[in-house]
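Novice: What follows is a protein structure lacking sequence information:
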């Protein structure tokens, strides 16, 4: 019986060596396999056609946009407010990792798509669709496509937050909303969304905080100092959230806050 651990140890070592040999064989192909593999190279060569340079720059810009797409989705849509409120809701209930982060992000994305659908449709109809049809240029398509998004952000941004970034940038006071550049509108919108999300989270926290205070007072009056109040209050908070149909109220409040 004393030899069994040594036997298992030797078996594991032999298995690890076999896996290592297999990986080396896969990473170091034979001469025949190496001859059949394609060779991919990247270089900079002079060109005589200006269209080649234009196509290359368009590809680079497209890859850049795809890389920044998640950040654009977060900074210019309703995702910030929804995600922050849902995270605070989970913390207020005290369920730790329930719902999990993946579910919160997925729910925030779904609600973001629902809220931003009219804006996206308007941007497509006024910007992308005419450009694909060849009726307008790229610059006109970008300006017309960004206009619905600008209107959405201007509707949600607070004047105080927008004035802060206008002052920090050192530019002159804009005469109207069309004079506000997008580089100032986006950070002002993000700051406004964070403020609004924290205000909603404060209202969400109040009923659950009351339950925590009541449970803690009852346990102290009964002399149960060693019993964690959070453990006792958790079922009552879940029960309250279910009885008032909390998910319905939260989703309704979040969606209606953008109208």
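Specialist: Yep, that arrived. These figures come from a predicted structure and were not determined experimentally.
Novice: Count the neighbours of residue 239 for me.
Specialist: 11 (other Cβ atoms under 10 Å). (C-beta placed from N, C-alpha, C; glycine too.)
Novice: Can you give the distance of the helix or strand containing it from its chain's centre?
Specialist: Element membership of residue 239, judged by DSSP states H and E, is helix 229-243. Put simply, helix 229-243 sits 29 Å off its chain's centre (Cα atoms, centre = their mean, to the nearest Å).
Novice: all helices in this protein, in order from the N-terminus.
Specialist: For the chain, the helices defined by DSSP state H cover 3-27, 31-36, 50-75, 79-93, 101-123, 129-132, 138-156, 159-169, 182-221, 229-243, 246-256.
Novice: which secondary structure elements does the fifth one contact?
Specialist: Contact here means 3 or more Cβ pairs under 8 Å, 6 or more residues apart in numbering; DSSP states H and E; on that basis helix 101-123 packs against helix 79-93, helix 138-156, helix 246-256.
Novice: In the stretch 1-150 of the chain, where is pLDDT below threshold?
Specialist: 1-58 (pLDDT under 70).
Novice: re earlier: out of the helices of the chain, flag the one nearest residue 176.
Specialist: The closest of the helices of the chain to residue 176 is helix 138-156. By Cβ to Cβ, the value is 10.5 Å.
Novice: ok, residues contacting the closest one?
Specialist: 76, 116, 119, 122-124, 126-128, 130-131, 136, 177, 180, 182, 185-186, 189, 192-193, 196, 258 (Cβ atoms under 8 Å, 6 or more residues apart in numbering).
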